[in-house]
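>>> Here is my input, please return the structure:
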Amino acid sequence: MIARLVFIAIALSAIGLVAQTAAPVKPPTGYPIAGIIVNSTTGQPLSGVAASITSTENRHDTQTMQTGADGRFAFPGLPAGKYSLTASARGYRAQGFNQHSNFFSGIAVGPDLDGGNLVFRLILDAGIEGTVTDDDGDAVRNASVQLFQRNNDTGQQRTQLISNASTDDRGHYQFGHLSAGTYFVAVSARPWYAQYSSQQQNQTESDNVRVAEERAQLDVAYPTTFYPAAEDSAGATALVLHPGERATADIVMRAVPAVHLRIKNRDSDSKNPSAPRGFPRVSQLIFDGVLSPVMSAQGFGYTAGMYEYTGIAPGHYVIEMPESGGKRNGSGWYKEIDLSGTVELDPSESPALASVSGALVLEGGTRPVSKMYVVLTNRTSRENFSAEVSDKGLFDFKDDEVRPGKYEVVLSNAPGYQIKSMIAKGAKTIGQTIEISGGSVQLVCTATHAVAKVTGVVLRDDKPFAGAMVVLVPRNPDSNWTLFRRDQSDSDGTFNLPEVLPGLYTAIALQDAWDLDWASPAVLQPYLKNGTPVEVTGGGTISVKARLQ
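Residues are numbered from 1 along each chain as shown. Predicted structure coming up:
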């Protein structure tokens, strides 16, 4: 009997186990984003990396985890949609998946989409450091160190200022968290012992040769010096950094006799002629025409209607004197000149700066609540001038007189609005640009809220392609740089180009072309003939297919 009961118990237990095993298992809900994070150079898995995903539809919907020893990460059970995937770790900047410049590919998940086998190649930080010393090998403290990078962020290869640093008590400086690329270092400083004497005063009989020599030794300045020892950017040596590379750039500053720049103040107060109302800006044109202020320059004195500026080493400079006292009297001027020794400038013999004012007309839509600005930007000199738009639609660059040149005109803090057309008096407008030669300029801009969104998919052999550079090129690219739109295709091959002004465009999709001068008409020509024509007539969304080139 006992044996029978034991048999029955075992049988019932087995039946229960079978029933438990046979119970239906719920299939996992949602979709995964998963994969492995590796060192981009060695391919080795990276542990302890913070990986994060954020829904593109809800930026507050974020999840973060750390990779294990095998470098793997997983975010299971996600709703169908698109997510940005980023990662960061010690020695690695925060990076997006397959990032190029400021673009990276979003991860799309859903039916028939594979987001679970990703390989995230994390790129090591690079860095530059060095020591700045003087002729005697002593540390130059509090020197201003500028870091320039050669890139094509504006559509053409240019050298742009990207960071500043100061030397410490040892003359040491450091730039960290740099991406791989081509860099240049420049230093500006003032000799600590420099004592500038006025060249306006004649030597008296009591001045002997020894005193004169001592004064000359102290009346010195440092030229802006480019690594390793060039006093002109044309002689600067490039620092080409690879992922994880550290470069040393030591620079020696050599003191030279200072220039004394004397400027006649034609707007001095007749009741108090010793008080200058304006101060000149001294800048150098470096690399591709970037206008860089001379940090070591300083005012020395003002006597008999002459303002003296010194602390400048001999060289080629741009001198600018804005209108003084806030007056709109056309007294602002500029001059590009070689300086050495003592130089006297007469503003009446110099070209005039331009005073720009005008009106902004909004076409349709509702006026933004926030303050709007009209901005003039010079891609060559890197100058930007901004003027607030009043409630009546008027703007005036009264705080910034504009140097002659070619400027793109854009709106700032005006979401959804784009400048549609411009007319000017006293200047020439072409597309989205204005060419200013000086004097008084009146500008009328018409902005529209009827802008479109161009979306689509990049195809290679009729299959979606991820990581392509997509460029929407306006019909006249030479004078419409502000109309370019650029994106990187996501994991499902899709892209999104927002706020496109009505007009004719061509969409091109390029593989491994992130170093291409994407806004250069000559460079674009071979790709445009194989691009996809796009006509934008108003608002809404336009979908296109772009064949990979």
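>>> C-alpha from now on. contacts and neighbour counts both.
Will do.
>>> residues contacting E435?
P404, G405, K406, Y407, A427, K428, T429 (Cα atoms under 8 Å, 6 or more residues apart in numbering).
>>> Point me to the helix or strand that includes it.
strand 433-436 (DSSP states H and E).
>>> Name the residues that touch the helix or strand following that strand?
Next helix or strand after strand 433-436 toward the C-terminus (DSSP H and E): strand 439-448. Residues from elsewhere that reach strand 439-448, judged by Cα under 8 Å, 6+ apart: 330, 352-365, 417-427.
>>> Now for the residue lying closest to L524 once chain neighbours are set aside, how many residues are close by?
Closest residue to L524 apart from its sequence neighbours, by Cα to Cα, 6 or more residues apart in numbering: W518 at 6.6 Å. The number of residues packed around W518, counting by other Cα atoms under 10 Å, is 24.
>>> can you pull the contacts of W518?
N152, G155, Q156, V471, L524.
>>> next one: P521
Applying Cα under 8 Å, 6+ apart, the residues contacting P521 are P477, D478.
>>> For the residue nearest to N265 when sequence neighbours are not counted, give me phi and psi.
Sequence neighbours aside, G305 is the residue nearest to N265 in space, at 5.5 Å (criterion: Cα to Cα, 6+ apart). Here is the backbone geometry of G305 (degrees, to the nearest 10): phi 80, psi 10.
>>> Shouldn't Y527 be within a helix?
Yes: assessed by DSSP: H, G, I helix; E, B strand; the rest coil, Y527 belongs to a helix.
>>> So what's the residue count around it?
14.
>>> How about P111?
P111: 9 surrounding residues under other Cα under 10 Å.
>>> do the one 10 residues further on as well
R121 is flanked by 23 other residues according to other Cα under 10 Å.
>>> secondary structure class for A522?
From three-state DSSP, the assignment for A522 is helix.
>>> And the chain, what are its domain boundaries?
31-122, 126-256, 258-349, 354-448, 452-547 (automatic domain parsing).
>>> just flag whichever of those has the lowest average confidence.
Comparing mean pLDDT over those, the weakest stretch is domain 258-349, at a mean of 77.
>>> Endpoints of that one, how far apart?
Counting by Cα to Cα, to the nearest Å, you get 24 Å between the two ends of domain 258-349.
>>> now stretch 485-505
10 Å.
>>> How far does it sit from its chain's centre?
20 Å (Cα atoms, centre = their mean, to the nearest Å).
>>> just to revisit the earlier point, just the buried ones from the contacts of strand 439-448?
330, 352-363, 417-422, 424, 426-427 (16 or more other Cα atoms under 10 Å).
>>> Show me the residues you listed that map onto strands.
354-363, 418-422, 424, 427 (DSSP state E).
>>> So which residues of the stretch 51-200 of the chain form strands?
Per DSSP state E, counting those that start in this stretch, the stretch 51-200 of the chain carries strands over the ranges 62-66, 72-78, 81-89, 92-96, 107-109, 118-122, 126-133, 144-151, 158-166, 172-178, 181-188.
>>> circling back to that earlier point, note down every partner strand of the strand holding E435 and its orientation.
Sheet partners assigned to strand 433-436 using DSSP bridges are listed as strand 405-412 (antiparallel), strand 427-430 (antiparallel).
>>> Which residues does the last one contact?
Okay, so that is strand 427-430. M422, I423, I434, E435, I436, S437, V441, S479.
>>> Tell me what the second one is bridged to.
Going by DSSP bridges, I423 is paired in beta bridges with V444.
>>> ok, it - contacts?
T429, L443, V444, C445 are the contacts of I423 under Cα under 8 Å, 6+ apart.
>>> Name the nearest of the residues you listed relative to Q63.
Q63 lies nearest to C445 out of the contacts of I423, by Cα to Cα, at 44.2 Å.
>>> Count the residues that sit near that closest one.
22.
>>> For G539, give me its contacts.
H449, A450, V451, A452, K453.
>>> now those as CSV including distance to G235, secondary structure and neighbour count?
Converted to CSV, those look like this (distance: Cα to Cα, whole Å; DSSP: H, G, I helix; E, B strand; the rest coil; neighbours: other Cα atoms under 10 Å):
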residue, distance to G235, secondary structure, neighbour count
H449, 48, coil, 22
A450, 49, coil, 20
V451, 46, coil, 21
A452, 46, strand, 20
K453, 45, strand, 18
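>>> isn't there a strand covering the residue nearest to L524?
No: W518 sits outside any strand when classified using three-state DSSP, being coil.
>>> quick one: it from V473, how far?
Counting by Cα to Cα, the gap from W518 to V473 is 9 Å.
>>> what's the answer for R254, then?
Taken as Cα to Cα, the span from R254 to V473 is 48 Å.
>>> still on that earlier bit, tell me which of the strands paired with strand 433-436 sits most buried.
Highest mean neighbour count among these (mean count of other Cα atoms under 10 Å): strand 405-412, with a mean of 20.
>>> Using PDB, list the CA coordinates for it.
Only the C-alpha atoms of strand 405-412 are listed here, as PDB (Å, rounded to 0.1, in the frame of the first residue of the first chain):
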ATOM      1  CA  GLY A 405      32.600  92.200 -47.200                       C
ATOM      2  CA  LYS A 406      30.200  89.500 -48.100                       C
ATOM      3  CA  TYR A 407      27.700  88.300 -45.400                       C
ATOM      4  CA  GLU A 408      25.000  85.700 -45.100                       C
ATOM      5  CA  VAL A 409      21.800  87.000 -43.500                       C
ATOM      6  CA  VAL A 410      20.000  84.700 -41.100                       C
ATOM      7  CA  LEU A 411      17.400  84.900 -38.300                       C
ATOM      8  CA  SER A 412      18.200  83.900 -34.800                       C
END
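>>> quick check: angle from it to strand 439-448?
40 degrees (axes from the mean of the first three to the mean of the last three Cα atoms, to 10 degrees).
>>> Which strand or helix spans the spatially closest residue to F120 that is not a sequence neighbour?
Computed as Cα to Cα, 6+ apart, the closest residue to F120 that is not its neighbour in sequence is I37, at 4.6 Å. If you go by DSSP H and E, I37 is part of strand 31-39.
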